[in-house]
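**Student:** return a 3D structure for these sequence lines:
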Amino acid sequence: MSLEQEVELIRRFPIFSKIAPAKQKLLCFSSERLTYAAGQEIFHAGAVGDACYVVIDGTIEISVDLPKGPLVIGTMGSNEIIGEIAIFGHVPRTATATAKTRVEVLRISADQFRSVIRENPDAAIELIRILAARLANTTAHLSKLSNPAAA
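**Tutor:** Numbers count the residues shown, from 1 in each chain. I've put the predicted structure just below:
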């Protein structure tokens, strides 16, 4: 895929759509396009958060480890971003991400992603919106699990 095609791809993601075209090119040039097979782990809870991943295609399961085994707390798909919490929270990965189907992602280093957010207020606002929605969805999911009769 050419750099121009990658830039067109990145423009479809709300978090990157409003940044300057030159910054979009730099982001694509400095990121890495990766493919994972179904069942392959992208990152594991507790690992160092050195990058985030923008989902180009496929479905990813997000799970947390419990004494009884892993608990799936959500799924992510095209045009979504994963792994950003460890970058901005300066904490180890809070969950495990596993490819549910064949997955294609754009891996963006922590430094590059922080730079995009720092320099682009619209991208920062979009990131806050994404994190707020994810927190609300996770809270609702956990509420249902703790009170199955209410579901």
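**Student:** may I see the buried residues of the longest helix seen in the chain?
**Tutor:** Secondary structure of the chain per DSSP state H: the longest helix is helix 121-146. Counting neighbours by 16 or more other Cβ atoms under 10 Å, one finds that the buried residues in helix 121-146 are 123, 126-127, 134. C-beta coordinates here come from the backbone N, C-alpha and C atoms, glycine included.
**Student:** closest to residue 100 among those residues?
**Tutor:** residue 134 (17.4 Å; Cβ to Cβ).
**Student:** that closest one - nearest residue in space that isn't next to it in sequence?
**Tutor:** residue 74 (7.6 Å; Cβ to Cβ, 6 or more residues apart in numbering).
**Student:** look up how far residue 91 lies from the one you found.
**Tutor:** According to Cβ to Cβ, to the nearest Å, residue 74 and residue 91 sit 18 Å apart.
**Student:** on that earlier part again, for the longest helix of the chain, name the packing helices and strands.
**Tutor:** strand 69-76, helix 84-89, helix 110-119 (3 or more Cβ pairs under 8 Å, 6 or more residues apart in numbering; DSSP states H and E).
**Student:** reformat those as JSON lines; add mean neighbour count, distance to residue 9 and mean pLDDT.
**Tutor:** Formatted as JSON lines, the helices and strands packed on helix 121-146 follow (neighbours: other Cβ atoms under 10 Å; distance: least, Cβ to Cβ, whole Å; pLDDT from 0 to 100):
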{"stretch": "strand 69-76", "mean neighbour count": "14", "distance to residue 9": "17", "mean pLDDT": "90"}
{"stretch": "helix 84-89", "mean neighbour count": "18", "distance to residue 9": "18", "mean pLDDT": "87"}
{"stretch": "helix 110-119", "mean neighbour count": "16", "distance to residue 9": "15", "mean pLDDT": "92"}
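**Student:** just put those in JSON lines and tack on distance to residue 4.
**Tutor:** Shown next, in JSON lines, are the helices and strands packed on helix 121-146 (distance: least, Cβ to Cβ, whole Å):
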{"stretch": "strand 69-76", "distance to residue 4": "27"}
{"stretch": "helix 84-89", "distance to residue 4": "26"}
{"stretch": "helix 110-119", "distance to residue 4": "19"}
